[in-house]
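Visitor: no FASTA, just this:
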């Protein structure tokens, strides 16, 4: 038995409250060199706490630094390993992007500075708009929306404004149905509802595609404003009938919105504008490698056809000769959707990503993303149920059908993957696939790591057959074991309380 | 194998319905709670709200997903199971008893005839799991 002086990083770390030592301080104030003002004159007594700061942790600076440094080592991130969350596109954020975003002229620029003093920043916005226009095949671009769902809402508000202008408000009011496939991200119906539409779900076929007959049937009712489609769809399949889908919707007087969440499968290869799509949002934080999730913020530019361009949010960033300026004179615009001009730091990173790759490089990234997903599909198809025949694009869906016969479910497989050192894949989405496991490796993963992932998954499939309890009880090698997610959701503990109070409650 | 009591009526959306005079007691089936996993939140309507048949009257949130729940028949809500807001786990533990969701005065008790019997529902769910 030894006495460990320092606690190992893999051990539990107490709460900062529990590190408290009476009388310990982080900083000693210098002696007062001005006249003292009685506290009653500054803060009325009834607004002051009278418990002598009971419960506030008394710690030194080094206590605080060590506490948070230890906790920070529990993070899993793309910088540590593969992050195969399907539908999320967790690709690597290159250091170069981070470096250019920190150039003081960009990082410290005040959003209220006059446009003559922000020409460089406006040029970044303008250039990025031009590139995104070329990549999507759509003429108009606004970089204002703060993230994907915000881009969706901007796009469907533009559809509504366009139909108002085209048909007149009275006729337009009869077109308030937005069609959305049952495989869609939940944000699609939420965005449509917020923009004042009623949502009708389109069935998916057994092969995993939009049911064209159902689409025709609902379009025939004459009240369809638009159709929101993700392509490739959330099952990772390219909607091969996209031209026909666009023709059906356009023929019925509606517009086609494309959710660009899965553009990582198309950039540099195929353009939504060429397929007949009217308006799309992109996720810079997925497709153009800007930070994602807790590391955000996101950015969800909206791109549209020439016909829809007058409705884009203001201000637009335009170029007059060699000068960049804001253009507010767009009478049909839906207005501003975000304070200032969007999340500018993300735009700098996305432009850096596009410029460092070039057209060829962007195409290669797309090809690698699709190849990697297909490599995983081929590597796992003999061990896991793959519900759709069609070759997957940038992500592939499997189910727990074979393993569940032994009582091993998707959640267990995901937890066991943690023991193998991988972040789990997306689970139980798309909702229309029972026990779904959605795997998206992205182009950032090399063959060696793909092989390790496939081997881990095959090993878990063997364990599920031979020793199901091992998988059901996973993870075993982590700091803490399986968490009770149901109890956490049913009876969440949202704040720390002193021990006595907690046990009394 | 999921529990399917013989004296209840069933919908293809996996709700069960028990007839008590002109009132229908409605909840979700054992098969449904089992597929959803641990239920963590149940959103129910208020007494007095009226629904058409097959209309969404609330939602069930599990650790996996949020799912809508549908009225098997038309009518007016007369009572909701308030205890589910504190103890949503009753839906998992006792879906046909303590986990009931709403009591509804039916507009037309004849609508019950269009629902599935226990035998039909059992066939329906075994086809779904194939």
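Guide: Sure thing, it's come through. None of these values were measured; they are calculated from a predicted model.
Visitor: tell me where chain B has strands.
Guide: B:9-10, B:15-20, B:23-28, B:39-43, B:50-51, B:56-62, B:66-70, B:75-80, B:102-106 (DSSP state E).
Visitor: quick one: mean pLDDT for the fifth one?
Guide: Averaged across strand B:50-51, pLDDT comes to 96.
Visitor: direction included, what does that strand pair up with?
Guide: Strand B:50-51 has the following strand partners under DSSP bridges: strand B:75-80 (antiparallel).
Visitor: can you mark which positions in the worst-scoring helix or strand of chain B on mean pLDDT are buried?
Guide: Here the helix or strand of chain B ranked lowest by mean pLDDT, DSSP states H and E is helix B:118-129, holding a mean of 88. Residues of helix B:118-129 classed as buried by neighbour count (16 or more other Cβ atoms under 10 Å in any protein chain shown): B:118, B:121, B:122, B:124, B:125. Every residue, glycine included, has its C-beta placed from N, CA and C.
Visitor: which among those residues gets closest to chain A?
Guide: Comparing the buried residues of helix B:118-129 against chain A with Cβ to the nearest Cβ places residue B:125 closest, at 12.1 Å.
Visitor: quick check: the gap between that closest one and residue B:37.
Guide: Using Cβ to Cβ, to the nearest Å, residue B:125 is found at 16 Å from residue B:37.
Visitor: can you check residue A:128 too?
Guide: From residue A:128 to residue B:37 the distance is 43 Å (Cβ to Cβ).
Visitor: which one of these two has more residues nearby?
Guide: Neighbour tally, residue A:128 and residue B:37, criterion other Cβ atoms under 10 Å in any protein chain shown: the higher count belongs to residue A:128, 25 against 18.
Visitor: pLDDT wise, what is the closest residue in space to that one that isn't next to it in sequence at?
Guide: Once flanking residues are discounted, residue A:128 sits nearest to residue A:351: 4.6 Å by Cβ to Cβ, 6 or more residues apart in numbering or on different chains. Per-residue pLDDT puts residue A:351 at 98.
Visitor: and whichever strand or helix holds residue A:351, how far out from the chain's middle?
Guide: Following DSSP states H and E, one finds residue A:351 within helix A:344-380. Relative to the chain's own centre, helix A:344-380 is displaced by 16 Å; criterion: Cα atoms, centre = their mean, to the nearest Å.
Visitor: distance of the residue positioned nearest the centre of chain B from residue B:70?
Guide: Nearest to the geometric centre of chain B sits residue B:27, at 2.6 Å (Cα atoms, centre = their mean). Separation of residue B:27 from residue B:70 (Cβ to Cβ) stands at 12 Å.
Visitor: do the same with residue A:211
Guide: Distance of residue A:211 to residue B:70, computed by Cβ to Cβ: 21 Å.
Visitor: same deal with residue A:257?
Guide: 27 Å.
Visitor: between these two, which one's more packed in?
Guide: Between residue A:257 and residue B:70, residue A:257 has the larger neighbour count (other Cβ under 10 Å), namely 31 against 19.
Visitor: who does that one form a beta bridge with?
Guide: residue A:228, residue A:279.
Visitor: how about the residue nearest to the centre of chain B, what does it touch?
Guide: B:15, B:16, B:91, B:95, B:96, B:99, B:100, B:101 (Cβ atoms under 8 Å, 6 or more residues apart in numbering or on different chains).
Visitor: ditto for residue A:178
Guide: So residue A:178 contacts A:156, A:189, A:192, A:197, A:198, A:199, A:200, A:224, A:225, A:226, A:227, A:228 (Cβ under 8 Å, 6+ apart).
Visitor: ok now the strand or helix carrying the first one, how far from the chain's centre?
Guide: Think residue A:156. Element membership for residue A:156 (DSSP H and E) is helix A:148-167. Relative to the centre of its chain, helix A:148-167 is centred 21 Å away, using Cα atoms, centre = their mean.
Visitor: next: stretch A:21-40.
Guide: Offset of stretch A:21-40 from its chain centre (Cα atoms, centre = their mean): 45 Å.
Visitor: could you work out the end-to-end span of it for me?
Guide: End-to-end distance for stretch A:21-40: 29 Å, by Cα to Cα, to the nearest Å.
Visitor: so for residue A:304, what's the nearest residue that isn't a sequence neighbour?
Guide: residue A:279 (4.2 Å).
Visitor: please consider this matter closed, and thank you.
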